[in-house]
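1. Following is a predicted model, sequence given first.
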Amino acid sequence: MCNFITMSKQTITLLLICLCSISVLAQFKNIKLDEASEGNRVTEPSIAINRKDTKNIVAASILDNIYYTVDGGLTWEKTKVKSTFGVYGDPVLVSDDKGTLYSFHLSDPTGEGWKNEKSMDHIICHVSKDGGKTWDEGNSVGYNPPKDQDKPWATVDAKGNVVVTWTQFDKYASTDTTCQSNIMLSTSASGKKWSKPIQLTQIPGNCMDDDNTAIGAVPAVSPDGKMFVAWANQTKIFLDRSFDGGMWLTNDIKIADQPGGWDLKIPGHDRSNGMPVLMVDQSKGTYRGCLYLVWADQRNGEDNTDVWFMRSNNYGDNWSSPTRMGDDKENRHQYLPWMAVDQVTGYIY
């Protein structure tokens with residue numbers, strides 16, 4: 001402190017300039033990857049970092065857009081995924097440890113895109129071996145006509161197997177009270193041949209794609225290979241798990257309430273959601289193996305949507321009390337949460 005006080009004005013000025021320069025250099029540049037238009041909505045983004053080459057980042061948006069960089073995001077190229085099954089929405093990207101990238105989306109056999117929301121009879125998985133530059137023609141996951149598939153999410157386990165979960169509707173948007181929505185799961189060693197889907201839900205939802213629909217399933221795998229899936233249904237968040245990859249629970253564990261449900265009414269949006277996101281700490285830090293969960297709900301009123309966080313350090317048996325993210329004032333909306341866990345430091349973003 002004494003040495004700093006006796007510094008000359010010139011030295012202090014130089015120090016401030018250096019600090020400002022460091023601050024400027026630390027800022028990330030925002031880069032526009034695409035422009036929305038009538039035929040190119042560029043919504044529902046997904047992003048993955050190549051686990052073998054962290055300078056290779058791949059992003060996706062609907063309906064069929066893929067963007068990739070090999071220099072850490074300084075420059076980007078755009079390509080498309082194509083499928084004989086057609087390309088609809090819900091793009092999802094994930095990488096394995098060998099640098100293979102997987103892209104998932106809904107099918108569109110009618111070719112009508114978002115004009116026909118009853119065309120989602122497949123989930124398609126594409127594989128890229130060159131950092132997202134080119135993709136194979138895609139393989140079908142969970143094809144089960146006449147039932148409809150929706151909202152896939154994926155991860156990769158410690159052995160390199162790809163895991164994908166999704167919602168299966170008996171008939172999408174049906175108001176029939178006997179119509180069910182259920183959470184499904186399938187795995188693959190290569191992204192080309194997939195296991196027969198298994199149903200995880202013991203409590204089905206309806207088919208109306210609303211708060212009483214079972215949807216938003218996100219899979220996560222612990223460092224020791226235990227598998228977990230969380231989803232929303234009937235204003236609650238449920239969890240299922242398997243410690244051996246094959247035997248799943250015989251009942252859905254309710255781990256959180258979601259007052260107001262996942263289908264959020266947000267001013268200025270046709271639709272929005274607060275679906276849960278589940279992650280596992282893969283780092284070698286203090287919280288290795290911890291489960292982290294974020295979601296949004298309107299427990300504080302329809303004009304005050306908030307994002308909430310919980311964690312479990314015993315494989316989902318017990319959870320911390322929900323913690324509200326942020327310190328915003330009332331009458332604000334926080335929604336559409338997502339999360340990432342740094343697999344080196346364990347930091348949560």
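-> All right, it came through fine.

2. what's the average pLDDT for stretch 94-104?
-> Per-residue pLDDT over stretch 94-104 has a mean of 97.

3. Would you work out how far apart the start and end of that stretch are?
-> End-to-end distance for stretch 94-104, by CA to CA, to the nearest Å: 9 Å.

4. In it, which of the residues would be classed as buried?
-> 94-96, 100-104 (16 or more other CB atoms under 10 Å). For glycine as for every other residue, the C-beta is placed from the backbone atoms N, C-alpha and C.

5. Over to stretch 68-87?
-> Using 16+ other CB under 10 Å as the test for burial, stretch 68-87 gives 68-70, 76, 79, 81, 83, 85-87.

6. go on, stretch 39-55?
-> Residues 41-42, 45-46, 48-51 are the ones in stretch 39-55 that count as buried (16+ other CB under 10 Å).

7. Residues contacting it, please?
-> 33-36, 56-63, 65, 69-72, 89-99, 101, 114, 131 (CB atoms under 8 Å, 6 or more residues apart in numbering).

8. now the buried residues of stretch 94-104 in a markdown table, with secondary structure and distance to Cys290?
-> Putting the buried residues of stretch 94-104 into a markdown table (DSSP: H, G, I helix; E, B strand; the rest coil; distance: CB to CB, whole Å) gives the following:
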| residue | secondary structure | distance to Cys290 |
| --- | --- | --- |
| Val94 | strand | 21 |
| Ser95 | strand | 22 |
| Asp96 | coil | 22 |
| Thr100 | coil | 27 |
| Leu101 | strand | 27 |
| Tyr102 | strand | 25 |
| Ser103 | strand | 29 |
| Phe104 | strand | 26 |
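
9. How about Pro145, nearest residue that isn't a chain neighbour?
-> Sequence neighbours aside, Asp121 is the residue nearest to Pro145 in space, at 5.5 Å (criterion: CB to CB, 6 or more residues apart in numbering).

10. isn't the one you found right up against Asp148?
-> Yes - with contacts counted by CB atoms under 8 Å, Asp121 reaches Asp148, the gap being 6.1 Å.

11. which residues touch the nearest residue to Ala189 once chain neighbours are set aside?
-> Nearest non-adjacent residue to Ala189, counting by CB to CB, 6+ apart: Asn161, 5.6 Å away. Contact analysis of Asn161 by CB under 8 Å, 6+ apart lists 187-189.

12. Among those residues, name the ones in strands.
-> 187-188 (DSSP state E).

13. Is it possible to mark the buried ones in the contacts of Asn161?
-> 187-188.

14. In JSON lines, list the contacts of Asn161 along with distance to Ile266.
-> What follows is the contacts of Asn161, written out as JSON lines (distance: CB to CB, whole Å):
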{"residue": "Thr187", "distance to Ile266": "35"}
{"residue": "Ser188", "distance to Ile266": "36"}
{"residue": "Ala189", "distance to Ile266": "40"}
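
15. Output the contacts of Asn161 in a markdown table, with pLDDT and distance to Glu330 appended to each entry.
-> Output for the contacts of Asn161, formatted as a markdown table (pLDDT from 0 to 100; distance: CB to CB, whole Å):
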| residue | pLDDT | distance to Glu330 |
| --- | --- | --- |
| Thr187 | 96 | 44 |
| Ser188 | 97 | 46 |
| Ala189 | 96 | 50 |
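
16. Just give me the closest of the contacts of Asn161 to Gly285.
-> Thr187 (27.8 Å; CB to CB).

17. ok, now how distant is the closest one from Asp263?
-> 29 Å (CB to CB, to the nearest Å).

18. cool, Pro223 as well?
-> 34 Å.

19. low-confidence ranges in the stretch 51-200 of the chain?
-> Low-confidence regions of the stretch 51-200 of the chain, defined here as pLDDT under 70, cover residues 111-119.

20. make it 50
-> Counting by pLDDT under 50, the stretch 51-200 of the chain shows no low-confidence range.

21. show me where it has strands.
-> Taking DSSP state E, counting those that start in this stretch to define them, one finds strands in the stretch 51-200 of the chain at 57-61, 65-69, 77-80, 92-95, 101-106, 123-128, 139-141, 148-156, 162-169, 181-188, 198-199.
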